[in-house]
Structure formats: C-alpha cells, structure tokens
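>>> One predicted model, sequence on top.
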Amino acid sequence: MIKTKQPAPVVVCLVSFCVYFFLYTVCDAANVTRYQAGSYTEQAVITNIPKVDGAKMSAVIRTHDKEKWAASYKIRSLEEKRLIEQLEPGMRCTFTGSLEQPAHATIPGGFDYKEYLYSQQIHWLFSVTSIEQCEKSKQPLFKLLNFRKNLISIIRNHVPESSAGIVEALTLGERFSIEDDILSAYQNLGVVHLMAISGMHVGLITAGLFYALIRIGLTREKAGMLLLLFLPVYTLLSGAAPSVLRASLMLGFYIAGTLVKRGIHSSAALSLSYLLLLLFNPYFLWQAGFQLSFAVSASLILSSSILKKAGKSRLAGLAMASFIAELSSLPFLLYHFQQISLVSFPMNMVMVPFYTLFVIPVSVIGFLLLLLSRQMGECLFDMFDLVMKPVHDFITYAASVDLFTMIVSKPDFLSLLLLAVSVFTLFAALEKGGFLKLRKSALFFCAVLAYLICRPYFSPWGEADMLDIGQGDSLFISAPHRKGTVMVDTGGVIAYPGESWKEKRHPYSIGEKVLIPFLNGKGVKKLDALFLTHADQDHIGEAGVLIKNHRVKRLIVPVGFVKEPKDQNILKMAKENNIPVAEAKRGDTITAGDLQFQVLSPESSDGKSKNDSSLVLWTVLGGVSWLLTGDLESDGETEVLKTYPKLKADILKAGHHGSKSSTSEAFLKQLQPEAALISAGKENRYHHPHEEVLDRLKAYSVNVLRTDISGTIQYRFEKGAGTFSVFPPYDIEETRAQEVKKTAD
C-alpha cells in the first residue's frame, strides 16, 4: 500500500468528495425532460449504432433541442428489415411515433430500466411508427461510429458464428453476437471480464502497435505521439465502456508523462482517470462496470508490495494478482449480482494466460488480416474456431456444475460495510506479514462471509410475493428462518409461430431476467419445491429455465397434468436433470420445510379442461389462510365448494387472472376473503381483470391487490401476523397498500 504521514491525501479526498457532490447535484438538477407523453413527429439524429434483433430495431435518437429518446421500431417485412439495417449513426430522419415513460423495476432484484435510462439522461421510450427522409451526417464522430458498424459487419460476415461474438467483444467491445448460454457461463464462473476490453487488452494492443511503429523506423517520441492520437480513436471504436475509458486514460497519462520526461505513478494516473470520468459523467459512479474496474485496478496498484512478496515465479505472481482481484471485487459482485463462483480463482489462473497468450492476439491479428485479406483472415478464424469450440463446451459444462456457485442474499449497507472492512484488514495483514495477524484477518473475513451466507436463516420473517411477470402467474413463498421455499408457477410468454427473419437472437426470458435475479436477491439457490398448477404457457413457460439452471429440488404437478404432447416436455426435462416429479391430487398434504399445503383439487385425471384441472392449494401463512386457485373457473370452483362446504380463506388468489369465468359470487360468499390477489399484465389483450369480477369483489368488501397496477404484491409474516405491501415501494400511497392481520389460533 502507498503510505504517507502527510494530511494532503485526506484533504484531497474530502475536497474531491465535495466537488463530486456539487457536480452530481448540478447534473441531476439539469437532468429533466421538456416533453410529455403523447404523439410526436420529430426530426432527430441517431446517436448510436442501431440494433436490429428479429423484427425490432432499437436506437437512441437526439431531438432538435438535444434531448435523447430511446426509440424502437417494429419491422413489418423482410424487405423493410434490410432497409432498416442500412440506418447509420448520425443520420437525421423524420420519426413519427408516441412517447411513454419507462417503468421502474416491479420485482425485487430486477433490472431497473428507468434508472438505467435516467443515468443516460433519457426520460422517454419512443415507439416509432414511421421513419422517413433520412440524411447522412458528415460529422467525424458519426463517421467513426459508422466505421465501427462496418467493422462489426465484416466480423459477422467472415468469422464462424460460434466465434464471431468473442472476436467482436475483444476487438470492438461488442457483445451482441455472443450466445446467451456462453455469456451466462462466463458470468457464472467469474471470468466474464475476459470478454470486456480492459487494461490487459488495451495494453497488449498498444504495445503491439508501439513495437510496429518502432520497427518501421519511427522514434519513440513520434511513436508516443501517434499512440496518444490512437487511444481516443480506439476508445470510440471499442464502445467506450468504463473499463476501456479507464485503461485508455491511464495509458495516455503514462505516455504523456514519458514524452515530457516526467514519470507518473500508477496511483496518480488511476486517480486522475477516476476524477476526469466523473467530471465528464457523475452517473458513472453508480455503474457496476465502473466500480469493478476501478476497485480492481486500485487494489492491484496499492498491493504492489504484496505482489513483490509473491516471489519471482510468474505462476505465484499470477495467483496473487488473481486473488487480489477476486477479493477486491467481492463486495461489488455480491451487491450487484449476489452470486460468486467457487472456482473463479482456478478458472482465472487458467483462462487469463490462455486469453493473454492466445485468444486476444489471435483475435486482433485475425481481425487485421480480415481487413487486408479476407481469405487469410477467414482461414485463421476457422482454425481459431476449432480451438474455441471445445473451450466453450468446457466453460458451459463447468458453469452447469451446481456445487461451483454460491448464492448470497443482497447485502444491506451495514453488511456491505462489514465485508469491505474485512477485505481491507485482510489486505493489510497480507502486506505487513506475520502468521498471527494473517490468521486473525482471515478468520474475520470468513466469519463475515459466513454471516452473509447465513443471514436469511436468522430472519424470523417469512414472505409471499406475487410477482409482476406480466400476463401470467408466479408466487414465491418462504418460511421464517428460510425453513422452506417454494414457487407456485413461473409465468411465461406465449410464443406464436412466425417467419424465421422475425426470430430474435436474444429472446426475452422472464426466467433469466426476472426469476433468477429475484431468487439470487433473496439468497435462494434452490427451491424446495416448484408447483405447476396446470400446463398453460403463462404458468409454466419459465419452468424449463429454473430446471436447467438447477434451481429446483422437487417438481409438483396436478394429476392429469399432461393434456397434450407438448405438456410432456417439462416432465422430460425434470427427469433429465434428476429432479423428482410428484403428481398431487385432492386430499394430499405437501410439505416443504415448515410450509404445508393442502391439495383441494383436482380429484383425478379426468377429461376436464386445463383450467378446471388446476392444482388448488390451501395453506396458512402468518396465521392467515390462503387459497391458491391457478386458473380455476366457475365449474371447478363449484366442485371444490361441494367437496369442502365449510371452506374459508382470508386471502384468495383470484383464478384465471380475474377472468369473468372465475371468482364466482357463490365462491366469494362461501370463502369470505378479506383480500384478493390478481396477477395480470398491464393493459393486457384479454382485458383482465374483468369489471364483473371487480364489481363482485367490491360487493363483498374484498380488498383487491393487482400486479398490473401495484407491481409485485409482498406479504411479510411472522408466526401470528402478516403485512401486505407493494413493490416498488413508491407506489404505496397510490395503491393504498393493504394490511391483513389475524392472530393464530
């Protein structure tokens, strides 16, 4: 670590914090919109490379008064798609469409798109209906972006599809072409940083260019000047991600210091880069990539004495550098992703040299060869692909091993601070040496990590969350002290067959984007049970994602679950993943830890419809009785009432998303619920929930909580009482969060 007895660093830090706070306040106060929701026709400039995925084009456009909108356009035909793909950065077009506000995350742990856009100073989603009268730009910046677009096209057209994504990522900072499974595997194993252009990549490319310039006869001074001109151009060509900006700025400071015969310390270069980037955009500070890039770099620089102690062995040095990087990134990884790989360290020990010595050099050399000779470049990348295919097979397999991943619930501020202190003390012990100090620090760190892992098991609170997953159903239930976790249905998007050109390379997955982040945030690695009420896609569509990702211990379906051949797919997938499947019928009692469910329906696998064959569950949470009905309709409700004439329920999960064919008057009269939960998509095509149902609920004085209005409905409970709230919490006043409390008998 860098030590000093002078008060100057403290003063500088304090002044920097005050200046940042002032700049952030000023920037945030100016981050407002002049527009309102509605229809507009606007001459606007495309500011980035438009992305075309299937039948959708998305881009950021800048209006005449310099405000940015996130524009999207639904492509109508293959011919039109070819025209849309010709759109370039800098084009000024006449766009017609309507503005609507982006939504906050409505599920805990979900990606907050509105906050993300806000940090980009974008306040509106612009649904475009027509694009006309496009004119090209002559500005150098847009010409450079268009050049980047053309380079990406060259890679996609001349590199094997399975390797094109890696080459794009390592040369131009573009990950769009990387297959979802491979990217997810790299993330799960903690080596996804290899796919980002960072200091290692910029250093290798710059060193290679410097060597080439010297070899052709340029002096070091002239070569340095050319590199200073090259760095900003390369930064823009490679996507200008925070890691690239940091690496380019630091390298630029080094080169500039060399040219003026004044060396600059690594810590000074890092600090100057940090301050300049925050001066340029104060919102950078809250980005995960920015935090990780600077945290790891700072730790490696400040730990130079530790690295020296590792000895002269390159292997020992690499191991210590990997350990320092892992340790310094841990608080940020747990906060943002709640997931760490237990094999990240050995994987980095293997993959970092492999990427440094082979993947990056071959990607860059092959890319340059493509520009000079298509045939030579293609030949090199064909051989490159032969190597990368088994590597990716290995990465995908390793990521699928359940034991290699640890899930930790999202830490609160105090837990995060405690973890940061434990990491700092461990670094201090490594630097000072001494077995006793190192042992104490290591024990302290392990104790904090163990606390973070076990924290959910200390909580006396259980919860039930009706997740806002659009037009579908998904309910998560966890017992107090984490003694049982289940999910009832998973939601899903109903897919309709279409033309091949409409197929997305990266289709949206509720399971990958919503359910798994939600479970990670709760610290749930595996559900004790997954209930599937019936085989409709909007209830079981994401079950395959949870099963494939080893998030389920046991699958429970109603007797007669399979109504048509495709319904067998989920059961087959469960069998392939060694997940036991149980068929439940009326009269069964199903337990998952401290959670207990009574099965009220179906009685048998007769010829009833899927909806009336739904698995109907009755349970008690926090002294309050719940009735979960799937998509049960009035005929099924009548049968349940005949079998259980004294049935009562304090909380009713309304059947079939509030359809008028469910939640009959007789059902409400018998149950006498205090509250009803309705899971429905916002402005859905079925107009759920139906007005007749809402009127019936109102007539029986039933409080209604709807996901399409309130977002996720949350119920936290102890042994004898529970409380309802909604997520996001800022909607509480608007939707009047309800409370239902009842003393347990």
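Thanks, I have it. Numbers count the residues shown, from 1 in each chain.

>>> Could you use CA atoms for every contact and neighbour count after this?
Noted.

>>> Residue ranges in this structure under the pLDDT threshold?
Residue ranges of the chain with pLDDT under 70: 1-10, 311-312, 607, 730-745.

>>> and the biggest helix by length in it, how far from the chain's centre?
The longest helix of the chain (DSSP state H) is helix 374-400. How far helix 374-400 lies from its chain's middle: 26 Å, per C-alpha atoms, centre = their mean, to the nearest Å.

>>> and after that helix, which helix or strand comes next?
strand 405-407 (DSSP states H and E).

>>> before we move on, what SS does Ile131 have?
With DSSP: H, G, I helix; E, B strand; the rest coil as the basis, Ile131 sits in strand.

>>> what's the burial count for it?
The tally of other residues near Ile131 (other C-alpha atoms under 10 Å) stands at 16.

>>> List the contacts of the closest residue to it other than its chain neighbours.
Leaving aside its sequence neighbours, Ile131 sits nearest to Phe95 (C-alpha to C-alpha, 6 or more residues apart in numbering; 4.9 Å). By C-alpha atoms under 8 Å, 6 or more residues apart in numbering, the contact set of Phe95 is Tyr40, Thr41, Glu42, Gln43, Ala44, Val128, Thr129, Ser130, Ile131, Glu132.

>>> Of those residues, just the buried ones, ChimeraX syntax please.
Applying 16 or more other C-alpha atoms under 10 Å to the contacts of Phe95, the buried members can be selected in ChimeraX as follows:
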select :40,42,43,44,128,131
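
>>> Looking at the contacts of Phe95, which is nearest Ala429?
Ala44 (56.9 Å; C-alpha to C-alpha).

>>> residue contacts, the closest one?
Ile61, Arg62, Thr63, His64, Arg92, Cys93, Thr94, Phe95.

>>> If we use 7 Å, what do you get?
For Ala44, the contact set (C-alpha atoms under 7 Å, 6 or more residues apart in numbering) comprises Ile61, Arg62, Thr63, His64, Arg92, Cys93, Thr94.

>>> Now the fifth one. Nearest residue, chain neighbours left out?
With C-alpha to C-alpha, 6+ apart as the measure, Val45 is the residue that lies nearest to Arg92, at 4.3 Å, once sequence neighbours are left out.

>>> if I've got this straight, the one you found is in a strand?
Yes: counting by three-state DSSP, one finds Val45 located in a strand.

>>> Show me what it is bridged to.
Arg62, Arg92 (DSSP bridges).

>>> Among the contacts of Ala44, which one has the most neighbours?
Highest count within those by other C-alpha under 10 Å belongs to Ile61, 28 neighbours.

>>> shouldn't it be in contact with Lys68?
Yes: in this structure, Ile61 is within contact of Lys68 by C-alpha atoms under 7 Å, at 5.6 Å.

>>> distance of the residue lying farthest from the centre of the chain from Leu555?
Distance from the centre of the chain peaks at Gly217, with 48.7 Å (C-alpha atoms, centre = their mean). Counting by C-alpha to C-alpha, to the nearest Å, the gap from Gly217 to Leu555 is 69 Å.

>>> which parts of stretch 11-22 are buried?
Buried, per 16+ other C-alpha under 10 Å, within stretch 11-22: Tyr20.

>>> To what extent is the closest residue in space to Asp112 that isn't next to it in sequence buried, counted in neighbours?
Distances taken as C-alpha to C-alpha, 6+ apart place Ala105 nearest to Asp112, at 4.5 Å, with adjacent residues excluded. Ala105: 19 surrounding residues under other C-alpha under 10 Å.

>>> how far does stretch 274-285 sit from the chain's center?
23 Å.

>>> Revised request: answer the last question for stretch 683-695.
For stretch 683-695, the distance to the chain centre is 31 Å (C-alpha atoms, centre = their mean).

>>> just the helices in the stretch 401-550 of the chain please.
In the stretch 401-550 of the chain, the segments counted as helices under DSSP state H, counting those that start in this stretch are 413-432, 435-458, 510, 516-522, 537-540, 543-548.

>>> Just name whatever secondary elements the fifth one is in contact with.
Under the contact definition 3 or more C-alpha pairs under 7 Å, 6 or more residues apart in numbering; DSSP states H and E, helix 537-540 sits against no other helix or strand.

>>> Contacts for it next, please.
Gln471, Gly472, Asp473, Asp489, Thr490, Gly491, Gly492, Val493, Ile494, Leu532.

>>> Let's see that with 6 Å instead.
Applying C-alpha atoms under 6 Å, 6 or more residues apart in numbering, the contact partners of helix 537-540 are Gly472, Asp473, Asp489, Thr490, Gly491, Gly492, Val493, Ile494.

>>> Look at the nearest residue to Val352 once chain neighbours are set aside and say how many residues are nearby.
Nearest non-adjacent residue to Val352, counting by C-alpha to C-alpha, 6+ apart: Leu194, 7.3 Å away. Neighbour count of Leu194, defined by other C-alpha under 10 Å: 21.

>>> Same check on the one 10 residues further on?
Around Leu204 sit 16 other residues, with neighbours defined as other C-alpha under 10 Å.

>>> so it sits in a helix?
Yes: under three-state DSSP, Leu204 falls within a helix.

>>> show me what contacts it?
Per C-alpha under 6 Å, 6+ apart, neighbours of Leu204: none.

>>> Adjust the sequence numbering to begin at 890 for everything that follows.
With the count now opening at 890, the last piece we talked about shows up as Leu1093.

>>> which element is the residue nearest to Asp1001 on?
Judged by DSSP H and E, Ala994 forms part of no helix or strand.

>>> Now it. Its backbone dihedrals?
Torsion angles at Ala994 (phi, psi; degrees, to the nearest 10) stand at phi -60, psi 130.

>>> my guess is it contacts Glu1004, does it?
No: contact criterion C-alpha atoms under 6 Å: Ala994 and Glu1004 do not qualify, at 8.8 Å.

>>> just to revisit the earlier point, the residue nearest to Asp1001 and Gly1430: what is the separation?
21 Å.

>>> I'd like the contacts of helix 1426-1429 as JSON lines, with distance to Ser1523 and neighbour count appended.
What follows is these, written out as JSON lines (distance: C-alpha to C-alpha, whole Å; neighbours: other C-alpha atoms under 10 Å):
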{"residue": "Gly1361", "distance to Ser1523": "19", "neighbour count": "26"}
{"residue": "Asp1362", "distance to Ser1523": "19", "neighbour count": "29"}
{"residue": "Asp1378", "distance to Ser1523": "21", "neighbour count": "27"}
{"residue": "Thr1379", "distance to Ser1523": "23", "neighbour count": "29"}
{"residue": "Gly1380", "distance to Ser1523": "22", "neighbour count": "28"}
{"residue": "Gly1381", "distance to Ser1523": "24", "neighbour count": "23"}
{"residue": "Val1382", "distance to Ser1523": "25", "neighbour count": "18"}
{"residue": "Ile1383", "distance to Ser1523": "24", "neighbour count": "12"}
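
>>> Contacts only, for the residue nearest to Asn937 when sequence neighbours are not counted.
With C-alpha to C-alpha, 6+ apart as the criterion, Asn937 has its nearest non-adjacent residue at 5.2 Å, and that residue is Pro978. By C-alpha under 6 Å, 6+ apart, the contact set of Pro978 is Ile935, Thr936, Asn937, Ile938, Phe1031, Asn1035.

>>> ok, the last one - how many residues close by?
In this case it means Asn1035. Residues near Asn1035, counting by other C-alpha under 10 Å, number 20.
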